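S.K.: Compute the structure for the input listed below.
(4 chains)
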There are 2 protein chains.
Amino acid sequence: MGTTQLESVQEPKYWHLKTVLSEALDSDFAVGEILPNERDLAARFGVARATLRQALEQLELEGRLQRRRGVGTTVAPPRVGVAVSTAPHEWAGDVGGEAWQPVDSTVAKAPAPIAATLGTDPAEPVHVVRRIRETQGQVVAAELVYVPGSSVPDLSAIEASGPVRARAVLRELHRLGLQGQDRSVELGSARADDAKELDRLPGAPVLVVTTRYLTAVGTAAVSVATYRADTCRLTFGDSGALEISHDDQPERQAS
Amino acid sequence: MGTTQLESVQEPKYWHLKTVLSEALDSDFAVGEILPNERDLAARFGVARATLRQALEQLELEGRLQRRRGVGTTVAPPRVGVAVSTAPHEWAGDVGGEAWQPVDSTVAKAPAPIAATLGTDPAEPVHVVRRIRETQGQVVAAELVYVPGSSVPDLSAIEASGPVRARAVLRELHRLGLQGQDRSVELGSARADDAKELDRLPGAPVLVVTTRYLTAVGTAAVSVATYRADTCRLTFGDSGALEISHDDQPERQAS
DNA sequence: AAGTGGTCTAGACCACCTC
DNA sequence: AGGTGGTCTAGACCACTTA
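M.R.: Numbers count the residues shown, from 1 in each chain, chains lettered A, B, ... in the order given. Sure thing, here's the model as predicted:
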């Protein structure tokens, strides 16, 4: 009974560190400012570098910090809201600076689960269009669009390659008259190719947006877009973007 | 020169490990099966435990594994698709097993960014309803709904507490006749209270869904829902859920 | 009590960037 | 060349679960 809980349950060091750093970021640092290096910071807080790094990783995951090898750790700007349109996609790209830029197009076998969604034979090649999305000069997403040949029959004649071919595929797809979309969002880690495009290391956390494009007949195409989870906030819905910044909501207060 | 690139650019050990483990999971393990413990696995692959853990963390992040302290590491089932309705919310909860369950309701000051979105004075208390969402017997999300007193004026008389009070607040809100919603999705880490509700450790990766509920007049309420990122795939859109499983799409093939 | 994953340490070396 | 973050090691101890 007389037992006095000094610190209820002691939280892990890295967790406490994260909190301290987070508050320091709010009060003592400006966006873009560089932090002391990891060895100095660890020494200053009296912890091993690995522990300090655990705290930094969390903060980076939450979009508060940006770390670049060989350069340093800087305070990240608030996440950019990226609209994931509910309305039919802008296939042509380039609308108000929120552009999708076709990179190239190949013909290859779709991964099994995607072939299943398309309803095509997994062994049958489909068009694979690669494009990237830029917002405010930053690449925020890389996407692969899988289009079965049956959706774009008029494409056999086309001999172009690269962005030109990519545009052609998307244009044909657009002409089908898409009727709706199914979409899902989940957490993933960047594959090597996407990571390169996004200027991140492989395995970096990404938001994977899978979209199914529907016509009256069925699924016309499937796209898999990977957004940088550290810098992006995906926005949906009727009107403009939300303006709520990162996790500065406090712990819930007791009643 | 005679220099032969043995392995082009050597990928990190943990990355390679992850790939190997991932393939082993596909071929040699069934969902729910328990893996050897970390010390054994590390020894088997000839790496330090920390390195092995780095690979396991990635796989857990991708929803392939589930780890529980004191218990072990098991093969996770495919992520469950959780519908994030585009249609007006089911405030009453309990619809086809996809229920939101009110937990309790308090009156407290909203965090600054939320007060800003609500357009209320940050110093003025608002109703805070806490509820959780279950899917297939699993808690998949914890949510706080912030409702300004001005949105639910008839609530002053209510004396109830706990779930009863929570239900009352939501019922009043529902009666307003909501006109639409703005929604955003971003990556976050679970606060201590949410982590407890979600049966995860603090800091676990979560998908934060922020919703703004609109009436003709303006913003009637704001909710912040945190979904388990390891087990959930958020689905949006016109019809049913997508059926694409986790990251088994291979590296992009060269043209 | 035994076994599991979670935290932490104090080093070492590497890959990358900038000067 | 020197500084940064990224990877890796070989330990130790702790918190939690189960039997």
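
S.K.: How much space separates the residue nearest in space to the middle of chain A from residue A:52?
M.R.: Residue closest to the average C-alpha location in chain A (CA atoms, centre = their mean): residue A:227, at 1.6 Å. Distance of residue A:227 to residue A:52, computed by CB to CB, to the nearest Å: 28 Å. Just so you know, the C-beta spots here come from the backbone N, C-alpha and C atoms, and that holds for glycine as well.

S.K.: Quick check, the residue in the stretch 51-200 of chain A closest to DNA strand D?
M.R.: Per CB to the nearest atom of the strand, the residue of the stretch 51-200 of chain A with the smallest distance to DNA strand D is residue A:70, at 3.3 Å.

S.K.: So, low pLDDT: which residues of chain A?
M.R.: Counting by pLDDT under 70, chain A contains low-confidence ranges at A:1-9, A:86-98, A:156-158, A:238-255.

S.K.: how would you label the residue of the stretch 51-200 of chain A closest to DNA strand D: helix, strand or coil?
M.R.: The local conformation at residue A:70, judged by DSSP: H, G, I helix; E, B strand; the rest coil, is coil.

S.K.: any idea how far it lies from residue A:29?
M.R.: Here residue A:70 is placed at a distance of 21 Å from residue A:29 (CB to CB).

S.K.: same question, residue A:169
M.R.: 46 Å.

S.K.: neighbour count winner among those two?
M.R.: Remark: of residue A:169 and residue A:29, residue A:169 carries more neighbours, 24 against 16, as counted by other CB atoms under 10 Å in any protein chain shown.

S.K.: Just to check, the more buried one is in contact with residue A:106?
M.R.: No - Residue A:169 is beyond contact range of residue A:106, at 10.1 Å (criterion: CB atoms under 8 Å).

S.K.: For these two, list the residues in contact with both.
M.R.: Common contact partners of residue A:169 and residue A:106 (CB atoms under 8 Å, 6 or more residues apart in numbering or on different chains): residue A:127.

S.K.: So which bits of the stretch 1-150 of chain A are right by chain B?
M.R.: On the criterion CB under 8 Å from any CB of the partner chain, chain B has as its neighbours in the stretch 1-150 of chain A the residues A:11, A:15, A:18, A:58, A:61-63, A:79, A:81, A:86, A:104, A:106, A:108-109, A:111-114, A:116-117, A:128, A:130, A:144.

S.K.: where exactly do the helices run in chain A?
M.R.: Using DSSP state H, the helices found in chain A span residues A:13-28, A:38-45, A:49-61, A:112-118, A:162-175, A:192-198.

S.K.: Please identify which of the ones you listed is closest to residue B:193.
M.R.: Closest approach to residue B:193 among the helices of chain A is made by helix A:13-28 (13.7 Å; CB to CB).

S.K.: Contacts for that closest one next, please.
M.R.: A:45, A:47, A:51-52, A:54-56, A:58-59, A:64-65, A:75, A:248, B:202-203.

S.K.: The residues you listed, buried ones only, as a PyMOL selection?
M.R.: Buried subset of the contacts of helix A:13-28, written as a PyMOL selection, criterion 16 or more other CB atoms under 10 Å in any protein chain shown:
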select buried, (chain A and resi 45+47+51+52+54+55+56+58+59+64+65+75) or (chain B and resi 202+203)
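
S.K.: Can you say which of the contacts of helix A:13-28 are also within reach of DNA strand C?
M.R.: For DNA strand C, the contacts drawn from the contacts of helix A:13-28 by CB under 7 Å from any atom of the strand are A:47, A:51, A:54, B:203.

S.K.: Can you name the residues that contact the second one?
M.R.: With contacts defined as CB under 8 Å, 6+ apart, residue A:51 is in contact with A:13, A:14, A:17, A:42.

S.K.: from the residues you listed, which single one is nearest residue A:160?
M.R.: Of all the contacts of residue A:51, residue A:160 sits closest to residue A:14, with 52.4 Å by CB to CB.

S.K.: tally of neighbours for that closest one?
M.R.: Neighbours of residue A:14 (other CB under 10 Å): 19.

S.K.: Check the spacing between it and DNA strand D real quick.
M.R.: Distance, residue A:14 to DNA strand D, by CB to the nearest atom of the strand, to the nearest Å: 13 Å.

S.K.: excluding its backbone neighbours, what's nearest that residue?
M.R.: residue A:54 (3.9 Å; CB to CB, 6 or more residues apart in numbering or on different chains).

S.K.: Would you mind listing what in the stretch 151-255 of chain A touches DNA strand D?
M.R.: With CB under 7 Å from any atom of the strand as the criterion, the stretch 151-255 of chain A comes near DNA strand D at residues A:201, A:203.

S.K.: re earlier: just the buried ones from the residues of the stretch 1-150 of chain A next to chain B, in PyMOL syntax?
M.R.: Here is the PyMOL command that selects the buried residues among the residues of the stretch 1-150 of chain A next to chain B (16+ other CB under 10 Å):
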select buried, chain A and resi 15+18+58+61+62+63+79+81+86+106+108+109+111+113+114+117+128+130+144
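
S.K.: buried sites along stretch A:14-28?
M.R.: In stretch A:14-28, counting by 16+ other CB under 10 Å, buried: A:14, A:15, A:17, A:18, A:21, A:22, A:25.

S.K.: Any idea how far it is from the middle of the chain?
M.R.: Between the centre of stretch A:14-28 and the centre of its host chain there is 25 Å, according to CA atoms, centre = their mean, to the nearest Å.

S.K.: Over to stretch A:17-35?
M.R.: On CA atoms, centre = their mean, the centre of stretch A:17-35 falls 24 Å from that of its chain.

S.K.: near DNA strand C at all, it?
M.R.: No - judged by CB under 7 Å from any atom of the strand, stretch A:17-35 and DNA strand C are separated, with a smallest distance of 7.7 Å.

S.K.: Give me the nearest residue to residue A:195, chain neighbours excluded.
M.R.: residue A:202 (4.5 Å).

S.K.: which residues sit in contact with the one you found?
M.R.: If you count contacts by CB under 8 Å, 6+ apart, residue A:202 has them with A:189, A:190, A:191, A:192, A:195, B:11, B:15.

S.K.: Just the buried ones from those?
M.R.: Of the contacts of residue A:202, these count as buried by 16+ other CB under 10 Å: A:189, A:190, A:191, A:195, B:15.

S.K.: so what's residue A:52 up against?
M.R.: By CB under 8 Å, 6+ apart, the neighbours of residue A:52 are A:14, A:17, A:38, A:41, A:42, A:45.

S.K.: mind checking how far the second one is from residue B:113?
M.R.: It stands for residue A:17. 24 Å.

S.K.: so which residue of the stretch 101-250 of chain A comes closest to DNA strand D?
M.R.: Taking CB to the nearest atom of the strand, DNA strand D has its nearest neighbour within the stretch 101-250 of chain A at residue A:201, 5.7 Å off.

S.K.: quick one: the nearest residue to that residue once chain neighbours are set aside from residue B:23, how far?
M.R.: Nearest residue to residue A:201 in three dimensions, chain neighbours excluded: residue A:195, at 6.0 Å (CB to CB, 6+ apart). Note on residue A:195: its distance to residue B:23, by CB to CB, is 20 Å.

S.K.: again with residue A:201
M.R.: Computed with CB to CB, the distance linking residue A:201 and residue B:23 is 22 Å.

S.K.: Same question for residue A:136.
M.R.: The value you get for residue A:136 to residue B:23, if CB to CB is used, is 39 Å.

S.K.: and if you look at residue A:174?
M.R.: Between residue A:174 and residue B:23 the computed distance is 38 Å (CB to CB).

S.K.: for residue A:229, same thing?
M.R.: Taking CB to CB, one finds residue A:229 at 25 Å from residue B:23.

S.K.: again with residue A:165
M.R.: Applying CB to CB, the value for residue A:165 to residue B:23 is 33 Å.

S.K.: Alright, I will stop here.
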